[in-house]
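Novice: Mind looking at a prediction? Sequence and model below.
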Amino acid sequence: MAVRDTGTEQLIKDTAKRIFFFEGRFHATTQDIADAAGVNRTLVHYYFRSRDILFEQVVNEAKEQLRQTLDNVLSSKVSFTEKLRKFIDVFMDEIIAYPYRELFVITENKRHEKQEVDLIYDAHIKPFLAEVKAEMHAGKITSTDPRQFMMSLFALMAYPVLSESLNKTFLKISDAEFPKLMKQRKQIIFDMIYR
């Protein structure tokens, strides 16, 4: 029995992840992925049997990574201020690295099992919303429905990256300037939403 080369298998997955979630080419073929990885297309089929199986595996790993990131940040035993800063920092870094992953998650949300979504809510979102509410009572965040706070936070972080080409065109932002503006944005977001 042949031994699988996990290095090649990982290279193919990493390449697929870059193509799907950084370049936004969700319909890339196994040939596109093989060419980008510098391997023969038969190797892609050897490890994954089909483009759909590879795509599903990359998506599942991305969801698990997102779940772990949420757990590491939102469940950390630090002050709300530190947690909020870390959340903004991690989320912005992730969305800049893989801007189309967020679009995919948004468009594919209907496919997620209700039980899976409920687990994420119960484990991460609900406790964080309680912390948001406590900060509102302390006068550190404008008092509103804590869900409004979360929607505003996600909009402030995600929209500029999701609409990158539009922003670059209308605001005359160069390719070199954009990452610098996004790094500056982390502090701007914090200052906008937290007193």
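Specialist: On my side now, so go ahead. Numbers count the residues shown, from 1 in each chain.

Novice: now the helix or strand of the chain with the lowest mean pLDDT, how far from the centre of its chain.
Specialist: Lowest mean confidence among the helices and strands of the chain (mean pLDDT, DSSP states H and E): helix 114-120, at a mean of 72. Mean-position distance between helix 114-120 and its chain equals 18 Å (C-alpha atoms, centre = their mean, to the nearest Å).

Novice: Now do the following helix or strand past it: which elements does it pack against?
Specialist: Next helix or strand after helix 114-120 toward the C-terminus (DSSP states H and E): helix 126-137. Counting contacts by 3 or more C-beta pairs under 8 Å, 6 or more residues apart in numbering; DSSP states H and E, helix 126-137 is packed against helix 80-97, helix 146-162. Quick note: C-beta positions are derived from backbone N, CA and C, even for glycine.

Novice: Which residues outside helix 126-137 are in contact with it?
Specialist: With contacts defined as C-beta atoms under 8 Å, 6 or more residues apart in numbering, helix 126-137 is touched by 74-75, 80, 83, 141-144, 146-147, 149-150, 194.

Novice: any chance of the helices and strands packed on helix 126-137 in JSON lines, with distance to L66 and mean pLDDT too?
Specialist: Shown next, in JSON lines, are the helices and strands packed on helix 126-137 (distance: least, C-beta to C-beta, whole Å; pLDDT from 0 to 100):
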{"stretch": "helix 80-97", "distance to L66": "8", "mean pLDDT": "93"}
{"stretch": "helix 146-162", "distance to L66": "13", "mean pLDDT": "94"}
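
Novice: Look up phi and psi at S79.
Specialist: Torsion angles at S79 (phi, psi; degrees, to the nearest 10) stand at phi -60, psi 160.

Novice: From S152, how far out is it?
Specialist: The gap separating S79 from S152 is 21 Å, by C-beta to C-beta, to the nearest Å.

Novice: Show me what the longest helix along the chain is packed up against.
Specialist: What stands out as the longest helix in the chain, according to DSSP state H, is helix 51-74. On a contact count with 3+ C-beta pairs under 8 Å, 6+ apart, helix 51-74 meets helix 6-17, helix 30-37, helix 41-48, helix 80-97, helix 99-108.
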